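Visitor: The following comprises the amino acid sequence and a computationally predicted model.
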Amino acid sequence: MTILVTGATGNVGRQVVRELLGGGHRVRALTRDPARADLPREVEVAAGDLAVPDSLASALEGVTAVHLITFDARDGAPLRTGAQIARMAARAGVRHVTMLWSGEPGPVEEAVAAEGLPWTTLQPQEFMSNALLWSESVRTEGVVREPFGATRSAMIHEADIGAVAARTLTEDGHAGKEYVMTGPEVLDMPRKLAVLGEALGRGIRFVELTEEQARERMRRAGASQEAIDHVVGWYADPPEEAYTVTDTVERVLGRPARTFARWARENAGAFR
């Protein structure tokens with residue numbers, strides 16, 4: 001049984017790979033740049049790009065399950081190649097697809113369902129690893145600049161996402177399930193920074209940006225307009241699921257979801 005992990009070099013993808021390897025499974029990792037993948041030697045690394053379906057044929061050969069991201073990692077926009085990907089997966093004999101959402105269901109989710117492939121959707125809310133975007137400003141200035149400081153979310157640890165993904169790919173009983181996933185607590189920005197500051201042993205100052213300042217920063221970073229609208233819109237008016245704690249992680253894994261305090265201790269070195 002070979003499992004293909006797309007987005008394998010991202011924060012979540014690396015966790016999916018780690019969990020699958022830990023369970024003794026054969027893993028093939030899809031990446032646009034195999035030379036820079038930096039994955040464990042046990043992983044078979046395959047070159048390919050979800051935005052270019054013709055590049056996926058060899059990566060899908062002999063694969064029985066796929067962890068599929070549904071957005072373009074370059075700009076965060078939904079992939080528009082879902083129909084081709086789903087058709088190729090079905091022809092390759094894939095028996096299960098776990099899809100990592102980035103917002104509302106889009107072309108990939110619709111295509112996988114239309115193709116008749118057994119599927120599970122993972123719908124994690126705000127990733128704890130998003131806090132790594134603050135690492136440079138915390139190191140150099142002791143400050144975080146973001147909009148919408150009062151927005152609350154139940155952040156989820158990327159390792160929990162990876163662990164749930166691995167279970168859905170390797171166990172029966174998950175087909176057709178839509179797993180909304182959160183961490184165990186709801187935090188606003190001041191509380192997030194207080195937790196992170198406690199792990200670092202120092203205070204962190206918060207500077208609230210306007211919405212236009214946040215949009216301009218994303219434009220300078222190369223984000224597409226679609227991705228900017230999605231991210232800013234989410235933080236300005238998050239869906240109820242974003243600030244409603246679920247027990248999905250505990251139900252699937254049999255243990256509580258990891259806290260942000262734990263994440264902060266594990267990643268404190270990135271902020272020092």
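Guide: That came through fine.
Visitor: residues in contact with residue 167?
Guide: Neighbour list for residue 167: 174, 252-253 [criterion: C-beta atoms under 8 Å, 6 or more residues apart in numbering]. The C-beta positions use only the backbone N, C-alpha and C, and glycine is treated the same way.
Visitor: let's go with 6 Å and repeat that
Guide: residue 252 (C-beta atoms under 6 Å, 6 or more residues apart in numbering).
Visitor: in which helix or strand would I find it?
Guide: Using DSSP states H and E, residue 167 sits in helix 158-170.
Visitor: How about residue 4?
Guide: Counting by DSSP H and E, residue 4 is found in strand 2-5.
Visitor: Which residue ranges of the stretch 51-200 of the chain form helices?
Guide: Using DSSP state H, counting those that start in this stretch, the helices found in the stretch 51-200 of the chain span residues 57-60, 82-92, 107-114, 135-141, 158-170, 189-200.
Visitor: Give me the contacts around the first one.
Guide: Translated: helix 57-60. 30, 46, 48, 88, 92.
Visitor: Near the last one, how many residues? Count them for me, please.
Guide: Residue 92 is surrounded by 17 other residues when neighbours are defined as other C-beta atoms under 10 Å.
Visitor: What distance do you get for residue 131 to residue 2?
Guide: Separation of residue 131 from residue 2 (C-beta to C-beta, to the nearest Å): 34 Å.
Visitor: Which one's more surrounded, these two?
Guide: Higher neighbour count among residue 131 and residue 2: residue 131, with 22 against 14, using other C-beta under 10 Å.
Visitor: How about the contacts made by the residue nearest the centre of the chain?
Guide: Centroid-nearest residue in the chain: residue 12, 4.7 Å away (criterion: C-alpha atoms, centre = their mean). The contact partners of residue 12, by C-beta under 6 Å, 6+ apart, come to 158, 161-162.
Visitor: Off-centre distance for the helix or strand hosting it?
Guide: For residue 12, the host element (DSSP H and E) is helix 11-22. Relative to the centre of its chain, helix 11-22 is centred 11 Å away, using C-alpha atoms, centre = their mean, to the nearest Å.
Visitor: Mind listing what's buried along the helix or strand of the chain with the lowest mean pLDDT?
Guide: When the helices and strands of the chain are scored by mean pLDDT, DSSP states H and E, helix 225-236 comes last with a mean of 91. For helix 225-236, a neighbour-count test (16 or more other C-beta atoms under 10 Å) marks 227-228, 230-232, 234-235 as buried.
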